[in-house]
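>>> only the shape, not the letters, is given here:
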(Lines give C-alpha, C1' and ligand atoms only; values in the text may rest on other atoms or scores of the structure.)
Protein backbone atom coordinates (compact mmCIF):
# COMPACT_ATOMS: atom_id res chain seq x y z
CA UNK A 1 0.00 0.00 0.00
CA UNK A 2 1.02 3.63 -0.39
CA UNK A 3 1.74 5.52 2.79
CA UNK A 4 3.52 8.61 4.08
CA UNK A 5 6.44 7.51 6.25
CA UNK A 6 8.95 9.36 8.39
CA UNK A 7 12.24 7.69 9.30
CA UNK A 8 13.39 10.31 11.82
CA UNK A 9 12.63 13.70 13.32
CA UNK A 10 12.93 16.80 11.16
CA UNK A 11 11.23 19.11 8.68
CA UNK A 12 8.46 18.36 6.21
CA UNK A 13 11.06 16.91 3.84
CA UNK A 14 11.07 13.89 6.16
CA UNK A 15 7.60 12.96 4.85
CA UNK A 16 8.18 10.25 2.23
CA UNK A 17 5.39 8.75 0.10
CA UNK A 18 6.31 5.14 -0.67
CA UNK A 19 5.09 1.55 -0.82
CA UNK A 20 5.00 -0.26 2.52
CA UNK A 21 3.54 -3.60 3.64
CA UNK A 22 -0.17 -3.68 4.40
CA UNK A 23 -1.17 -3.79 8.07
CA UNK A 24 -1.68 -7.24 9.50
CA UNK A 25 -5.19 -8.65 9.94
CA UNK A 26 -7.31 -6.87 12.57
CA UNK A 27 -7.01 -8.21 16.08
CA UNK A 28 -9.65 -8.49 18.75
CA UNK A 29 -11.84 -5.38 18.73
CA UNK A 30 -10.05 -3.93 15.69
CA UNK A 31 -11.29 -2.81 12.27
CA UNK A 32 -9.23 -2.53 9.09
CA UNK A 33 -10.22 0.65 7.21
CA UNK A 34 -9.55 1.62 3.62
CA UNK A 35 -8.70 5.26 4.16
CA UNK A 36 -10.29 7.64 1.68
CA UNK A 37 -9.32 10.85 3.48
CA UNK A 38 -7.39 12.05 6.51
CA UNK A 39 -6.47 15.47 7.86
CA UNK A 40 -3.48 17.36 9.23
CA UNK A 41 -3.54 18.26 12.91
CA UNK A 42 -0.82 20.29 14.67
CA UNK A 43 0.05 17.20 16.70
CA UNK A 44 1.18 15.54 13.45
CA UNK A 45 3.92 18.02 12.67
CA UNK A 46 4.84 18.45 16.32
CA UNK A 47 5.54 14.71 16.48
CA UNK A 48 7.40 14.90 13.16
CA UNK A 49 9.62 17.75 14.40
CA UNK A 50 10.35 15.97 17.69
CA UNK A 51 8.67 18.68 19.77
CA UNK A 52 6.68 16.05 21.66
CA UNK A 53 9.36 13.40 21.97
CA UNK A 54 9.21 13.51 25.79
CA UNK A 55 5.48 12.73 25.92
CA UNK A 56 4.86 11.06 22.53
CA UNK A 57 8.16 9.42 21.56
CA UNK A 58 8.16 8.13 17.99
CA UNK A 59 9.20 4.67 16.88
CA UNK A 60 10.55 4.81 13.34
CA UNK A 61 9.57 4.19 10.64
CA UNK A 62 6.33 5.93 11.56
CA UNK A 63 3.12 6.62 9.65
CA UNK A 64 1.36 9.72 11.02
CA UNK A 65 -2.30 10.71 10.79
CA UNK A 66 -4.87 10.47 13.60
CA UNK A 67 -8.04 11.22 11.58
CA UNK A 68 -9.57 8.78 9.12
CA UNK A 69 -12.66 8.37 6.97
CA UNK A 70 -13.21 5.43 4.67
CA UNK A 71 -14.72 1.96 4.39
CA UNK A 72 -14.40 -1.17 6.49
CA UNK A 73 -12.23 -3.79 4.75
CA UNK A 74 -12.07 -6.41 7.48
CA UNK A 75 -13.14 -6.87 11.09
CA UNK A 76 -11.47 -8.68 13.96
CA UNK A 77 -12.92 -10.96 16.61
CA UNK A 78 -15.57 -9.46 18.92
CA UNK A 79 -16.35 -6.58 16.55
CA UNK A 80 -20.14 -6.22 16.49
CA UNK A 81 -20.95 -2.73 15.23
CA UNK A 82 -19.51 -2.86 11.71
CA UNK A 83 -19.51 -5.05 8.63
CA UNK A 84 -17.24 -5.10 5.59
CA UNK A 85 -18.15 -2.20 3.29
CA UNK A 86 -19.55 0.09 5.99
CA UNK A 87 -18.50 3.76 5.61
CA UNK A 88 -16.94 4.97 8.86
CA UNK A 89 -14.89 7.76 10.37
CA UNK A 90 -12.87 8.10 13.53
CA UNK A 91 -9.44 8.12 15.10
CA UNK A 92 -6.32 6.00 14.59
CA UNK A 93 -3.69 5.18 17.22
CA UNK A 94 -0.62 6.00 15.17
CA UNK A 95 1.94 4.76 17.67
CA UNK A 96 0.47 1.28 17.99
CA UNK A 97 -0.80 0.41 14.53
CA UNK A 98 0.41 3.08 12.11
CA UNK A 99 -1.56 6.15 11.15
CA UNK A 100 -4.04 7.28 8.52
CA UNK A 101 -1.56 8.79 6.06
CA UNK A 102 -1.95 5.46 4.26
CA UNK A 103 -4.31 3.50 2.06
CA UNK A 104 -5.10 1.08 4.91
CA UNK A 105 -5.16 1.60 8.67
CA UNK A 106 -6.16 -0.38 11.74
CA UNK A 107 -8.53 1.25 14.24
CA UNK A 108 -10.25 0.23 17.45
CA UNK A 109 -13.95 -0.42 17.02
CA UNK A 110 -14.65 1.93 19.93
CA UNK A 111 -12.80 4.77 18.15
CA UNK A 112 -15.03 4.66 15.04
CA UNK A 113 -18.61 5.47 14.16
CA UNK A 114 -20.73 5.41 11.02
CA UNK A 115 -20.13 8.09 8.41
CA UNK A 116 -22.79 10.84 8.63
CA UNK A 117 -25.07 10.79 5.60
CA UNK A 118 -24.63 14.55 5.23
CA UNK A 119 -20.82 14.53 4.98
CA UNK A 120 -18.30 13.47 2.37
CA UNK A 121 -15.24 11.42 3.30
CA UNK A 122 -13.17 14.61 3.18
CA UNK A 123 -15.52 16.48 5.52
CA UNK A 124 -15.76 13.59 7.96
CA UNK A 125 -11.97 13.26 8.04
CA UNK A 126 -11.77 16.83 9.36
CA UNK A 127 -13.80 15.98 12.47
CA UNK A 128 -12.31 13.35 14.80
CA UNK A 129 -9.42 14.99 16.67
CA UNK A 130 -10.59 18.60 16.38
CA UNK A 131 -14.27 17.85 16.94
CA UNK A 132 -13.70 15.54 19.90
CA UNK A 133 -11.35 18.07 21.48
CA UNK A 134 -13.94 20.84 21.14
CA UNK A 135 -16.83 18.70 22.41
CA UNK A 136 -14.97 17.29 25.40
CA UNK A 137 -13.50 20.69 26.29
CA UNK A 138 -16.88 22.43 26.39
CA UNK A 139 -19.27 19.74 27.58
CA UNK A 140 -17.04 17.73 29.92
CA UNK A 141 -14.22 19.97 31.16
CA UNK A 142 -16.11 23.26 30.95
CA UNK A 143 -19.47 21.80 32.01
CA UNK A 144 -21.08 24.27 29.60
CA UNK A 145 -24.89 24.41 29.68
CA UNK A 146 -27.58 26.40 27.92
CA UNK A 147 -27.69 30.09 28.75
CA UNK A 148 -24.07 30.38 29.88
CA UNK A 149 -21.52 32.72 28.35
CA UNK A 150 -18.52 31.13 26.68
CA UNK A 151 -15.46 32.70 25.07
CA UNK A 152 -13.49 30.69 22.51
CA UNK A 153 -9.92 31.83 21.92
CA UNK A 154 -8.80 30.88 18.41
CA UNK A 155 -12.24 30.61 16.88
CA UNK A 156 -11.17 30.30 13.25
CA UNK A 157 -8.82 27.33 13.71
CA UNK A 158 -9.46 23.61 13.42
CA UNK A 159 -10.67 23.12 16.98
CA UNK A 160 -12.05 26.61 17.50
CA UNK A 161 -14.38 26.77 14.50
CA UNK A 162 -16.01 23.50 15.56
CA UNK A 163 -16.18 24.68 19.18
CA UNK A 164 -18.25 27.70 18.14
CA UNK A 165 -20.81 25.45 16.47
CA UNK A 166 -20.87 22.96 19.35
CA UNK A 167 -21.29 25.75 21.90
CA UNK A 168 -24.23 27.10 19.90
CA UNK A 169 -25.74 23.61 19.81
CA UNK A 170 -25.40 23.45 23.61
CA UNK A 171 -27.39 26.68 23.86
CA UNK A 172 -24.59 28.97 25.04
CA UNK A 173 -24.00 32.65 24.27
CA UNK A 174 -20.81 32.52 22.20
CA UNK A 175 -17.98 35.03 21.84
CA UNK A 176 -14.99 34.04 19.71
CA UNK A 177 -11.63 35.57 18.84
CA UNK A 178 -9.75 35.66 15.55
CA UNK A 179 -7.79 38.05 13.37
CA UNK A 180 -9.49 40.92 11.56
CA UNK A 181 -9.81 38.95 8.31
CA UNK A 182 -11.77 36.17 10.02
CA UNK A 183 -14.37 38.24 11.88
CA UNK A 184 -17.13 37.57 9.35
CA UNK A 185 -16.18 33.89 9.33
CA UNK A 186 -16.81 33.74 13.09
CA UNK A 187 -20.21 35.33 12.65
CA UNK A 188 -21.07 32.92 9.82
CA UNK A 189 -20.27 30.04 12.18
CA UNK A 190 -22.78 31.40 14.68
CA UNK A 191 -20.74 33.45 17.14
CA UNK A 192 -22.97 36.02 18.85
CA UNK A 193 -20.03 38.37 19.44
CA UNK A 194 -16.55 38.46 17.90
CA UNK A 195 -13.23 39.84 19.12
CA UNK A 196 -10.38 40.96 16.88
CA UNK A 197 -7.40 39.87 18.99
CA UNK A 198 -5.19 42.38 17.18
CA UNK A 199 -7.23 45.24 18.67
CA UNK A 200 -9.14 43.83 21.68
CA UNK A 201 -8.51 41.54 24.65
CA UNK A 202 -11.09 38.86 25.38
CA UNK A 203 -9.93 38.78 29.01
CA UNK A 204 -10.37 42.53 29.58
CA UNK A 205 -13.93 42.28 30.93
CA UNK A 206 -14.19 41.26 34.61
CA UNK A 207 -16.59 38.52 35.76
CA UNK A 208 -17.56 37.81 32.16
CA UNK A 209 -17.23 34.15 31.22
CA UNK A 210 -18.79 31.01 32.60
CA UNK A 211 -16.33 29.13 30.38
CA UNK A 212 -13.27 30.40 28.56
CA UNK A 213 -11.97 27.76 26.15
CA UNK A 214 -8.45 28.48 24.92
CA UNK A 215 -8.44 26.35 21.77
CA UNK A 216 -4.91 27.39 20.81
CA UNK A 217 -3.26 27.26 24.22
CA UNK A 218 -1.97 30.84 24.42
CA UNK A 219 -3.81 32.12 27.52
CA UNK A 220 -2.69 31.00 30.97
CA UNK A 221 -5.02 30.74 33.95
CA UNK A 222 -3.33 33.84 35.38
CA UNK A 223 -4.27 35.70 32.17
CA UNK A 224 -7.93 34.76 32.30
CA UNK A 225 -8.78 34.40 36.01
CA UNK A 226 -10.16 37.96 36.49
CA UNK A 227 -12.50 37.52 33.53
CA UNK A 228 -14.05 34.27 34.79
CA UNK A 229 -17.47 34.40 36.39
CA UNK A 230 -17.14 34.67 40.18
CA UNK A 231 -19.71 31.93 40.67
CA UNK A 232 -17.33 29.29 39.31
CA UNK A 233 -16.16 30.24 35.83
CA UNK A 234 -13.88 27.64 34.23
CA UNK A 235 -10.77 28.04 32.09
CA UNK A 236 -10.23 25.11 29.69
CA UNK A 237 -6.97 24.91 27.76
CA UNK A 238 -5.25 22.72 25.20
CA UNK A 239 -1.83 23.68 26.62
CA UNK A 240 -0.13 21.09 28.83
CA UNK A 241 2.48 23.43 30.30
CA UNK A 242 4.20 21.78 33.26
CA UNK A 243 3.74 24.78 35.58
CA UNK A 244 0.01 24.82 34.96
CA UNK A 245 -0.21 21.09 35.65
CA UNK A 246 1.71 21.42 38.93
CA UNK A 247 -0.43 24.32 40.15
CA UNK A 248 -3.72 22.56 39.45
CA UNK A 249 -2.45 19.33 41.02
CA UNK A 250 -1.59 21.24 44.20
CA UNK A 251 -5.03 22.86 44.14
CA UNK A 252 -6.59 19.41 44.04
CA UNK A 253 -4.52 18.18 46.99
CA UNK A 254 -5.63 21.20 48.99
CA UNK A 255 -9.26 20.48 48.22
CA UNK A 256 -9.72 23.58 46.07
CA UNK A 257 -12.02 23.47 43.06
CA UNK A 258 -9.97 23.46 39.88
CA UNK A 259 -11.08 26.40 37.78
CA UNK A 260 -8.45 25.66 35.13
CA UNK A 261 -8.65 22.35 33.29
CA UNK A 262 -6.64 20.65 30.59
CA UNK A 263 -8.45 18.88 27.75
CA UNK A 264 -6.70 15.82 26.35
CA UNK A 265 -8.74 14.21 23.60
CA UNK A 266 -10.26 10.78 24.18
CA UNK A 267 -11.27 8.70 21.17
CA UNK A 268 -14.81 7.56 22.01
CA UNK A 269 -17.34 6.17 19.57
CA UNK A 270 -20.26 7.70 21.48
CA UNK A 271 -18.74 11.18 21.19
CA UNK A 272 -18.03 10.67 17.48
CA UNK A 273 -21.70 9.78 17.14
CA UNK A 274 -22.60 13.11 18.77
CA UNK A 275 -20.55 14.91 16.12
CA UNK A 276 -22.22 12.86 13.39
CA UNK A 277 -25.70 13.76 14.69
CA UNK A 278 -24.85 17.46 14.84
CA UNK A 279 -23.66 17.28 11.24
CA UNK A 280 -26.78 15.46 10.05
CA UNK A 281 -28.97 17.97 11.92
CA UNK A 282 -27.25 20.83 10.08
CA UNK A 283 -25.89 22.26 13.34
CA UNK A 284 -22.20 21.71 12.62
CA UNK A 285 -20.08 21.47 9.51
CA UNK A 286 -16.29 21.50 9.19
CA UNK A 287 -14.68 24.29 7.20
CA UNK A 288 -12.02 22.92 4.86
CA UNK A 289 -9.51 25.44 3.59
CA UNK A 290 -7.85 23.05 1.16
CA UNK A 291 -7.79 19.39 0.14
CA UNK A 292 -4.37 17.99 -0.79
CA UNK A 293 -3.54 14.76 -2.61
CA UNK A 294 -1.37 12.36 -0.61
CA UNK A 295 1.62 13.26 -2.77
CA UNK A 296 1.47 16.85 -1.51
CA UNK A 297 1.52 16.03 2.20
CA UNK A 298 4.66 18.14 2.66
CA UNK A 299 2.85 21.25 1.43
CA UNK A 300 -0.05 20.47 3.77
CA UNK A 301 2.31 20.27 6.76
CA UNK A 302 4.08 23.48 5.77
CA UNK A 303 0.77 25.34 5.54
CA UNK A 304 -0.44 23.95 8.87
CA UNK A 305 2.76 25.09 10.57
CA UNK A 306 2.08 28.72 9.60
CA UNK A 307 -0.77 28.80 12.13
CA UNK A 308 -2.91 30.71 9.63
CA UNK A 309 -5.29 27.99 8.53
CA UNK A 310 -9.02 28.71 8.51
CA UNK A 311 -10.71 25.52 9.62
CA UNK A 312 -8.98 22.31 8.54
CA UNK A 313 -6.57 20.93 5.96
CA UNK A 314 -7.63 17.58 4.51
CA UNK A 315 -5.60 14.98 2.61
CA UNK A 316 -7.30 12.79 0.02
CA UNK A 317 -5.72 9.34 0.10
CA UNK A 318 -7.52 7.73 -2.84
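Sure thing, it's come through. The model shown is predicted, which means the values in this text are computed figures rather than measured ones. Residues are numbered from 1 along each chain as shown.
>>> the helices in this protein, which residues?
In the chain, the helices defined using DSSP state H lie at 42-49, 94-97, 121-125, 128-135, 158-169, 183-189, 221-224, 242-253, 269-280, 297-305.
>>> so which of these is nearest residue 34?
Ranking these by proximity to residue 34 (Cβ to Cβ) places helix 121-125 first, at 10.3 Å. For glycine as for every other residue, the C-beta is placed from the backbone atoms N, C-alpha and C.
>>> and stretch 168-178, how far out from the chain middle?
18 Å (Cα atoms, centre = their mean, to the nearest Å).
>>> that stretch - what's its average pLDDT?
In this model, stretch 168-178 carries a mean pLDDT of 98.
>>> what is the end-to-end distance of that stretch?
17 Å (Cα to Cα, to the nearest Å).
>>> report the contact partners of residue 233.
By Cβ atoms under 8 Å, 6 or more residues apart in numbering, residue 233 lies in contact with 207, 209-212, 227, 259.
>>> still on that earlier bit, and the helices of the chain as TSV, adding mean neighbour count?
Listed next are the helices of the chain as TSV, based on neighbours: other Cβ atoms under 10 Å:
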stretch	mean neighbour count
helix 42-49	20
helix 94-97	16
helix 121-125	25
helix 128-135	26
helix 158-169	28
helix 183-189	18
helix 221-224	18
helix 242-253	12
helix 269-280	18
helix 297-305	20
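>>> buried stuff in stretch 52-59?
Residues residue 58 are the ones in stretch 52-59 that count as buried (16 or more other Cβ atoms under 10 Å).
>>> what does the pLDDT read for the closest residue to residue 158 other than its chain neighbours?
Once flanking residues are discounted, residue 158 sits nearest to residue 130: 4.2 Å by Cβ to Cβ, 6 or more residues apart in numbering. Residue 130 carries a pLDDT value of 98.
>>> where do the strands of the stretch 1-150 of the chain begin and end?
2-5, 16-19, 30-40, 67-75, 87-91, 104-108, 112-114, 149-153 (DSSP state E, counting those that start in this stretch).
>>> out of these, nearest to residue 97?
strand 104-108 (4.0 Å).
>>> what's that closest one in contact with?
Taking Cβ under 8 Å, 6+ apart as the rule, strand 104-108 contacts 1, 22-24, 26-27, 29-35, 63, 65, 68, 73, 90-93, 97-99, 267.
>>> end-to-end on stretch 15-27?
End-to-end distance for stretch 15-27, by Cα to Cα: 28 Å.
>>> residue 306: neighbouring residues, count only.
Residue 306: 7 surrounding residues under other Cβ atoms under 10 Å.
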